[in-house]
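>>> Dropping the sequence and predicted coords here.
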Amino acid sequence: MSAERVIEISSLNKSFGDFRVLTNVDLSVSLGERIVICGPSGSGKSTLIRCVNGLEQFDSGHILVDGISLEEPGGVDRVRSEVGMVFQQFNLFPHLSVLDNLTLGPMKARGLSRTDAEALAMEYLERVRIPEQARKRPRELSGGQQQRVAIARSLCMKPKIMLFDEPTSALDPEMISEVLDVMVELAQEGMTMLVVTHEMGFARKVADRMVFMDGGEIVETGTPSAVFEAPKSERFRAFLDKILQH
Amino acid sequence: MTRTTKLWLALFGVLFVAGCSGTSGAWGWYVIDPSTAQGQSNIRFLVGGFWATILLSLIAAALSMMIGLLVALPGMSSNRWVRLPSRIYIEFIRSIPLLPMLFWVFYGLPVVMRSLGFPITIDAFWGAIITLAISDSAFTAEIYRAGIQSIPKGQTEAARTVGLTYSQTMRYVILPQAIRRILPPLANQFIYIVKMSAFASVIGMQELTRRANELVVTEYRPLEIYSLLILEYLVLVLIISFFVRWLERKMGSDESR
């Protein structure tokens, strides 16, 4: 691909004691590319995307995000200002209203006035279709609504890249689609996305590239149509059989 | 006020009044009989210690909460060399009994300071405050640590990914949530400080206990005077309890999860 490389991961290694979580992982992501990472639990997929914004440290290798190295002094903070993240457990701030959850970052980290930050927050709440919940506390919202607030909270920081760490795994089945819809829209607007998920329908719809991980390694990558039709590796085939059989 | 507290207060009141009315036998309530001039002046003398005890406890508790936080935060660092001084402070300070520490601060600290070229004098009031604050800070530090560590890690991660610095994360995300959880143990510590402030009497601080001691020496009615003294602490502690309950309700009303 000739487009601008926004994430460059090379020979990444990480272990917890004797357990190797990541082994020689290489991955580069172009601007606007949507990548879906899947694999069995413990395969290192969450750890990999958590390395991208410095939530996890790695033992060796390099990560460049938009040309900024995570190892350089202040690099982690600069990278985080360009990278948004959505968590499995939403991680909204329970003591703040939905609106304050969204304005905290823009006001404290970007120095926006309250008026500007609230205008920005309302704009994104409209986009995730829950502006009427602005004054509520997170716990008064359904799981799907909370996750949409979490997405809006990340977008308020105007990130270049969005990381999604199993965004629908903690949701009741009937709420999954409302979150995926928001993510599909985001993808259609051209956001660069790294998504760890088992939602294969979503992957088929938006992914430019699928990455299958197992045992801390990237086993296979390819376009969704190619890998769903004919996975090259036995492990990926077995994994897909398991999650697609019902 | 719970029913039990009311009952105990009533019992105390009845005993007190009954004691005041009779001047014979083992009881000699006349020393603090509000109907006589001598009794009134004695009561005024005893109750006059309230302000010193309250002021002493408040300042010491405020300092202890500040020092405790400053000790607790590095104590949770991932770097063991940053953690170490905090651990040493806590283990060392909380192993020193209050009374020896009070003596050391009151009699010893000025000597140390003078030899270092800072000729300061420490009066009983500040000596007591410094001792209570430092002694208590080791405990508040552990309370803070427990409170902060009880907040899920995802809160810090979410805060950092929306661009907050470490101190902003603490200030706007972690501490507001932690403070609700640690309010009850912090209140306990405050009550503890109020009670331990009685030790200030031994270095001559004119608080509740000192005044009671002085009156006992002149009147020689320890039973009645110390009974009133206990009652005085009970009143103080009950006031604190009510205030803390109110605070908990106020904070709890907009509580999370």
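Perfect, I can see it now. Small disclaimer: the values here were computed from a predicted structure and weren't measured. Numbers count the residues shown, from 1 in each chain, chains lettered A, B, ... in the order given.

>>> Is the spatially most central residue of chain B in a helix, a strand, or coil?
What sits nearest the mean C-alpha location of chain B, by C-alpha atoms, centre = their mean, is B:Ile193, with 2.0 Å. With DSSP: H, G, I helix; E, B strand; the rest coil as the basis, B:Ile193 sits in helix.

>>> my read: it touches B:Ser64, true?
Yes. Look at B:Ile193 against B:Ser64 with C-beta atoms under 8 Å: they come within range, at 7.0 Å. Bear in mind the C-beta positions are built from the backbone N, C-alpha and C, glycine included.

>>> Overlap in contacts, the two.
B:Leu132, B:Asp136 (C-beta atoms under 8 Å, 6 or more residues apart in numbering or on different chains).

>>> quick one on the thing from earlier: and the residue nearest to the centre of chain B, what does it touch?
B:Ile193 neighbours (C-beta under 8 Å, 6+ apart): B:Ser57, B:Ala60, B:Ala61, B:Ser64, B:Leu132, B:Asp136.

>>> before we move on, what about B:Ile225?
B:Val31, B:Ile32, B:Leu46, B:Ala212, B:Leu215, B:Val216, B:Glu219 are the contacts of B:Ile225 under C-beta under 8 Å, 6+ apart.

>>> what's the answer for A:Leu102, then?
Applying C-beta under 8 Å, 6+ apart, the residues near A:Leu102 are A:Ala117, A:Leu120, A:Ala121, A:Tyr124, A:Leu125, A:Val149, A:Ala152, A:Arg153, A:Cys156.

>>> quick one: B:Ala133 and chain A, what's the gap?
29 Å (C-beta to the nearest C-beta, to the nearest Å).

>>> how about JSON lines for the contacts of A:Leu102, with neighbour count and pLDDT added?
Putting the contacts of A:Leu102 into JSON lines (neighbours: other C-beta atoms under 10 Å in any protein chain shown; pLDDT from 0 to 100) gives the following:
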{"residue": "A:Ala117", "neighbour count": "22", "pLDDT": "96"}
{"residue": "A:Leu120", "neighbour count": "21", "pLDDT": "96"}
{"residue": "A:Ala121", "neighbour count": "28", "pLDDT": "96"}
{"residue": "A:Tyr124", "neighbour count": "20", "pLDDT": "96"}
{"residue": "A:Leu125", "neighbour count": "23", "pLDDT": "96"}
{"residue": "A:Val149", "neighbour count": "26", "pLDDT": "97"}
{"residue": "A:Ala152", "neighbour count": "26", "pLDDT": "96"}
{"residue": "A:Arg153", "neighbour count": "30", "pLDDT": "97"}
{"residue": "A:Cys156", "neighbour count": "26", "pLDDT": "96"}
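
>>> is chain B contacted by the helix or strand hosting A:Asp77?
Using DSSP states H and E, A:Asp77 maps to helix A:75-80. Yes. Applying C-beta under 8 Å from any C-beta of the partner chain, one finds that helix A:75-80 is in contact with chain B at A:Asp77, A:Arg80.

>>> Summarise which helices and strands that helix is packed against.
strand A:68-69 (3 or more C-beta pairs under 8 Å, 6 or more residues apart in numbering or on different chains; DSSP states H and E).

>>> what sits up against the strand it packs on?
Residues contacting strand A:68-69 (C-beta under 8 Å, 6+ apart): A:His62, A:Ile63, A:Gly75, A:Arg78, A:Val79, A:Glu82.

>>> need the contact list for the second one.
For A:Ile63, the set of contacting residues under the criterion of C-beta under 8 Å, 6+ apart consists of A:Ile7, A:Glu8, A:Ile9, A:Ser10, A:Leu12, A:Cys51, A:Val52, A:Ser69, A:Leu70.

>>> Could you check how far the closest residue in space to B:Ser57 that isn't next to it in sequence is from B:Leu183?
In space, and not counting its chain neighbours, B:Ser57 is closest to B:Val194: 4.5 Å by C-beta to C-beta, 6 or more residues apart in numbering or on different chains. Distance from B:Val194 to B:Leu183, counting by C-beta to C-beta, to the nearest Å: 17 Å.

>>> which one of the two has more residues nearby?
B:Val194 (23 against 18; other C-beta atoms under 10 Å in any protein chain shown).

>>> thought the more buried one was touching B:Val237?
Yes. At 6.3 Å, B:Val194 counts as touching B:Val237 under the criterion of C-beta under 8 Å.

>>> Which positions in chain A make contact with chain B?
A:53, A:55, A:77, A:80-81, A:83-85, A:87, A:89, A:91-95, A:104-105, A:108-110, A:137-139, A:150, A:153-154, A:156-157.

>>> Report how many residues lie close to A:Glu118.
Neighbour tally, A:Glu118, other C-beta under 10 Å: 18.

>>> cool, A:Gly111 as well?
9.

>>> Which residue ranges of the chain form helices?
You didn't pick a chain, so chain A it is. Listed in chain order, the helices of chain A (DSSP state H) span A:45-52, A:75-80, A:98-108, A:114-127, A:143-155, A:173-188, A:200-206, A:224-229, A:234-244.

>>> think we crossed wires, I meant chain B
Counting by DSSP H, the helices of chain B are B:3-21, B:37-47, B:50-72, B:80-94, B:98-103, B:109-115, B:124-149, B:153-161, B:166-168, B:175-196, B:208-219, B:222-252.

>>> Now the shortest one: buried residues?
Taking 16 or more other C-beta atoms under 10 Å in any protein chain shown as the neighbour-count basis, helix B:166-168 is seen to contain the buried residues B:Gln168.

>>> is it up against chain A anywhere?
Yes. Using C-beta under 8 Å from any C-beta, we find that helix B:166-168 touches chain A at B:Gln168.

>>> residues in contact with the nearest residue to A:Ser154 once chain neighbours are set aside?
Closest residue in space to A:Ser154, ignoring its immediate chain neighbours: A:Gly84 at 3.2 Å, by C-beta to C-beta, 6+ apart. Listed by C-beta under 8 Å, 6+ apart, the contact set of A:Gly84 reads A:Ser154, A:Leu155, A:Met157, A:Pro159, A:Ile161, A:Met162, A:Leu163, B:Thr161, B:Val162.

>>> Would you quantify the distance from the spatially closest residue to the second one that is not a sequence neighbour to B:Gly154?
On the basis of C-beta to C-beta, 6+ apart, the spatially nearest residue to A:Leu155 that is not a chain neighbour turns out to be A:Tyr124, at 4.9 Å. If you measure A:Tyr124 against B:Gly154 using C-beta to C-beta, the figure is 21 Å.

>>> Could you check how far the helix holding A:Asp77 is from the centre of its chain?
16 Å (C-alpha atoms, centre = their mean, to the nearest Å).

>>> tell me which residues in it are buried?
A:Gly75, A:Val76, A:Arg78, A:Val79, A:Arg80.

>>> where does the stretch 1-150 of chain B dip in pLDDT?
B:1, B:16-26 (pLDDT under 70).

>>> And the residue of it closest to chain A?
Going by C-beta to the nearest C-beta, chain A is nearest to B:Ser78 of the stretch 1-150 of chain B, at 9.5 Å.

>>> Close to chain A: what parts of the stretch 101-250 of chain B are there?
B:152, B:154-155, B:157-165, B:168, B:172-173, B:176-177, B:180.
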